[in-house]
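[1] Quick one, fold the following:
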Amino acid sequence: MRVIATAGHVDHGKSTLIRRLTGMEPDRWAEERRRGLTIDLGYAWTTLPSGRVAAFVDVPGHARFVPNMLAGVGPVPAVLFVVAADEGWMPQSTEHLDALAALEVADGLLVVNRCDRADPAPAAAQAAERLAGTSLAGIPTVAVSGATGAGIAELTDAVDALCARLPDPDPAADVRLWVDRAFTVRGAGTVVTGTLPGGTVRTGDELAVSPGTARVRVRNLESLGTQADAVSGVARVALNLRGVAPGDLGRGHALLTPDVWLSGTVTDVRLRRVADRLPRAVTVHVGAAAVPATVRRLGPDTARVTTDRALPLRVGDRLLLRDPGAHRILAGALVLDVLPPPLGRRGATTTRAAELAGLTGIPDATSELRRRGLVRAGTLRAMGVPPAGTPVAGDWLADPTWWAGVRSRLVAAVDAHRAAEPLSTGLPLAAAAHALDLPDPALVAAAATDPLTVRDGRVRRADVAPALPVPVARAVAAVHADLAADPYAAPESARLSQLGLGRRELAAAVRAGTLLEVAPGIVLRPGADAAAVPLLAALPQPFTLSEARRALHTTRRVAVPLLEHLDRTGRTRRLADSRREVDGAGTADAGPTDTAEPD
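    Numbers count the residues shown, from 1 in each chain. Here you go, the predicted model:
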């Protein structure tokens, strides 16, 4: 299927030609048929001689209904531009052309109607001159009479040829259906219609609603009056939805493939066909939506557009800016960036204008990475930019030059941390991420390549073995000497303070494996816990705390946390009567080790 919109001045015969081409009545309202004036969008379709199906969106031509016209032409790729032979080019012809040119609709047919009333050649020449220099320059011309039917066969063939040359959309593309009609059907609920430009909608699909966070499900699906299980773009579709109350959806809402679109209010654009003066307050038209917005000029042809509500846009989308007071087209706009940086710093506007000057609006992952440094692959896809390259961690993509800088800064941060915190065994991943302004600690781990390594959630130099500062190592050696003759006589807090072993120093010694801490401030030589097991196993089983204390020649201050430590490590078991027994797997002989003796 191909979808084509009409355009042209009021009463130049657009609806009449659609009736001739399709045999259907595009005017939906009785008032439209009574007045002979299209007020809102109409729809009709036909099967062409080639077997292709063409659907038509018939738009109103009167100046008062231009917003309705824009809702119809926004999502379609081609147009039938109708000019009457007996009247020629008229004011609404100009406004419709301005809109089509701003949206860069690039294909269609110039249809000179009412050739039974006047020679079509002058009107055709005049219209061709007006189309020159726009996106519709050089489109084929067909002369017809909607009243007599003259030329309708030739117009049908021309429409067939137009449909043949339009590009095929991607049926696997992400769905973005701009709603142009919403109504309630008794017994069925909410129904919406729109032009599906690409992608595929299936019965049962869940779709996200923009604006907002609501989700709806497709209960039934219809295209061109026929129910279907699936419809791919380009197509006119009607969706019967579940999960939405009547009145909650209307023209300008969008139905989206969930979780793959970015909806935002700030967009940087390149302006096209700018009017003499661009006011700050405008109306942005995109798809079937019309949203109030403000415009901030950045450079000669670039601007920042801030809309009153979030819109699901992607790089390369085309917007139309319209003056809400004077009711005229101000400019077209090509979307360059849907995630632009803030402009808070002095000189940020000039810098941003220079960045935008080099952008084309064609999605380019390399360019995006160069500008952003780091971005998720999923974010690029949501922006409309196909990801390229291999992620550095998870789905994070990084510009190679930027990533090399991160690695260099990480080495410097690790060295600075070691100098400032000699007791630390490395820079914690979370702290490194904060220092480098990285959004994910996994990026730190990925950047910690030679000469760095990651161990126990900390980054350190791989070529520098962790070592205690000399004063701490000497203090630990003194503790070892104190425990040599009586391994379970843990030093009192006064002795630890005398040696300069506070909480940080003890923690560093425990991490380095030079002390065993069975409870806060209760330290023994490494291996003392294993050495206690055979001593306890020699006792009658089960044994009491008092018996264990005597067997180990220690005090209750040490015996209680040591036995609890042995319980936690599975070497002993505490019974219901508070006695304990040694686990059979933990009775192997062992003794205090000297391998962790500090230098």
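
[2] Residue 98 - that's part of a helix, no?
    Yes. Under DSSP: H, G, I helix; E, B strand; the rest coil, residue 98 falls within a helix.

[3] neighbours around the residue nearest to it when sequence neighbours are not counted, how many?
    Excluding the flanking residues, the one nearest residue 98 by C-beta to C-beta, 6 or more residues apart in numbering is residue 329, at 4.0 Å. To be clear about C-beta, it is placed using only N, CA and C from the backbone, and glycine gets the same treatment. Residues near residue 329, counting by other C-beta atoms under 10 Å, number 25.

[4] And residue 329, how far from residue 301?
    As for residue 329, its distance to residue 301 is 17 Å (criterion: C-beta to C-beta, to the nearest Å).

[5] Sketch out the low-pLDDT regions of the stretch 151-300 of the chain for me.
    275-276 (pLDDT under 70).

[6] The chain too?
    Scanning the chain for pLDDT under 70 picks out 26-41, 60-75, 275-276, 465-466, 585-599.

[7] how about the strands in the stretch 301-450 of the chain?
    Ranges of strands in the stretch 301-450 of the chain, per DSSP state E, counting those that start in this stretch, are 302-312, 318-323, 328-337, 374-376, 396-398, 427-428.

[8] Tell me which of those sits nearest to residue 197.
    For residue 197, the closest of the strands of the stretch 301-450 of the chain is strand 318-323, at 12.0 Å, according to C-beta to C-beta.

[9] picking that back up, between the strands of the stretch 301-450 of the chain, which gets nearest to residue 443?
    Using C-beta to C-beta, the nearest of those to residue 443 is strand 396-398, at 6.0 Å.

[10] thinking again about what came up before, okay, the strands of the stretch 301-450 of the chain in a markdown table with distance to residue 220 next?
    Listed next are these as a markdown table, based on distance: least, C-beta to C-beta, whole Å:
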| stretch | distance to residue 220 |
| --- | --- |
| strand 302-312 | 24 |
| strand 318-323 | 32 |
| strand 328-337 | 33 |
| strand 374-376 | 36 |
| strand 396-398 | 40 |
| strand 427-428 | 55 |
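
[11] Figure out which of those is closest to residue 222.
    Across these, closest to residue 222 is strand 302-312 (C-beta to C-beta), at 23.7 Å.

[12] ok, back up a step: show me the contacts for the residue nearest to residue 98.
    Residues in contact with residue 329 (C-beta atoms under 8 Å, 6 or more residues apart in numbering) are 95, 98-99, 102, 275, 320-323.

[13] Weed out the non-buried ones from those residues.
    By neighbour count, with 16 or more other C-beta atoms under 10 Å, the contacts of residue 329 hold 95, 98-99, 102, 320-323 as buried.

[14] What count of nearby residues applies to residue 17?
    For residue 17, using other C-beta under 10 Å, the count is 26.

[15] thought it was touching residue 112?
    No. Applying C-beta atoms under 8 Å, one finds residue 17 not in contact with residue 112, separated by 10.8 Å.

[16] list residues touching both of the two?
    What both residue 17 and residue 112 touch, as defined by C-beta under 8 Å, 6+ apart, is the set residue 144.

[17] Quick check: closest non-adjacent residue to residue 407.
    residue 447 (4.9 Å).

[18] now swap in residue 180 and tell me
    residue 288 (4.2 Å).

[19] For stretch 426-438, buried residues please.
    So for stretch 426-438, counting by 16+ other C-beta under 10 Å, buried means 426-429, 431-433, 435-436, 438.

[20] now do stretch 89-100
    So for stretch 89-100, counting by 16+ other C-beta under 10 Å, buried means 89-90, 92-93, 95-100.

[21] list the contacts for the residue of the chain most remote from its centre?
    Within the chain, residue 540 marks the point farthest from the mean C-alpha position, 67.6 Å out by C-alpha atoms, centre = their mean. For residue 540, the contact set (C-beta under 8 Å, 6+ apart) comprises residue 547.

[22] how near is it to residue 580?
    12 Å.

[23] anything in contact with each of the two?
    In contact with both residue 540 and residue 580: no residue, using C-beta under 8 Å, 6+ apart.

[24] Which among the strands of the stretch 301-450 of the chain is found nearest to residue 48?
    Of all those, strand 318-323 comes closest under C-beta to C-beta, at 27.4 Å.
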